[in-house]
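Trainee: only the shape, not the letters, is given here:
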């Protein structure tokens, strides 16, 4: 059965998946760990937002922004800097089914993996063997 979720029930569904969930006093914000990512989620009347930390140095934020901007599936996503970490924020639709919520959350986790910083080899310094015209 495809149960419809409003933003508040989607937040409760996400909180059930979090390790060590903590709730705000008003009950509209949940924090915890989702896999290896610190997670913050907040329900608004217009939808749920979920933020995941990225495994990428803050110094590589410009590259992450360019990669995110070049990803068509990321039109509801943004990056922000807080607590000396990069966060991937996603806005979820106001109404969605449990299956849609699960798929969009998995897509956000996959996008966080794509944006994760990887160890890169230093750029090669090529010898200049001659004159360039």
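Mentor: Sure, I can see it. It should be emphasised that the depicted structure is a prediction, and the values quoted were computed from it without experimental measurement.

Trainee: can we go C-alpha only for contacts and neighbour counts from here?
Mentor: Will do.

Trainee: so the residue nearest to the spatial centre of the chain, which of the three states?
Mentor: Nearest to the geometric centre of the chain sits residue 88, at 3.0 Å (C-alpha atoms, centre = their mean). Following DSSP: H, G, I helix; E, B strand; the rest coil, we place residue 88 in the strand state.

Trainee: next: residue 26.
Mentor: Using three-state DSSP, the structure places residue 26 in coil.

Trainee: residues in contact with it?
Mentor: Residues near residue 26 by C-alpha atoms under 8 Å, 6 or more residues apart in numbering: none.

Trainee: residue 60 - how many residues pack around it?
Mentor: By other C-alpha atoms under 10 Å, 12 other residues sit near residue 60.

Trainee: span of stretch 15-34 from start to end?
Mentor: Terminal residues of stretch 15-34 are spaced 9 Å apart (C-alpha to C-alpha, to the nearest Å).

Trainee: what's the single longest helix in the protein?
Mentor: For the chain, the longest helix by residue count, based on DSSP state H, is helix 98-115.

Trainee: measure the residue nearest to residue 46 when sequence neighbours are not counted to residue 29 for me?
Mentor: The shortest distance from residue 46 to any residue other than its chain neighbours is 5.3 Å, reached at residue 94 (C-alpha to C-alpha, 6 or more residues apart in numbering). Distance, residue 94 to residue 29, by C-alpha to C-alpha: 16 Å.

Trainee: which of these two has more neighbours?
Mentor: residue 29 (21 against 16).

Trainee: not counting its neighbours along the chain, what's nearest that one?
Mentor: Nearest residue to residue 29, sequence neighbours excluded (C-alpha to C-alpha, 6+ apart): residue 42, at 4.4 Å.

Trainee: checking the one you found next. Helix, strand or coil?
Mentor: For residue 42, the secondary-structure state derived from three-state DSSP is strand.

Trainee: contacting residues for residue 93?
Mentor: So residue 93 contacts 46, 47, 48 (C-alpha under 8 Å, 6+ apart).

Trainee: fine by me, we can end here.
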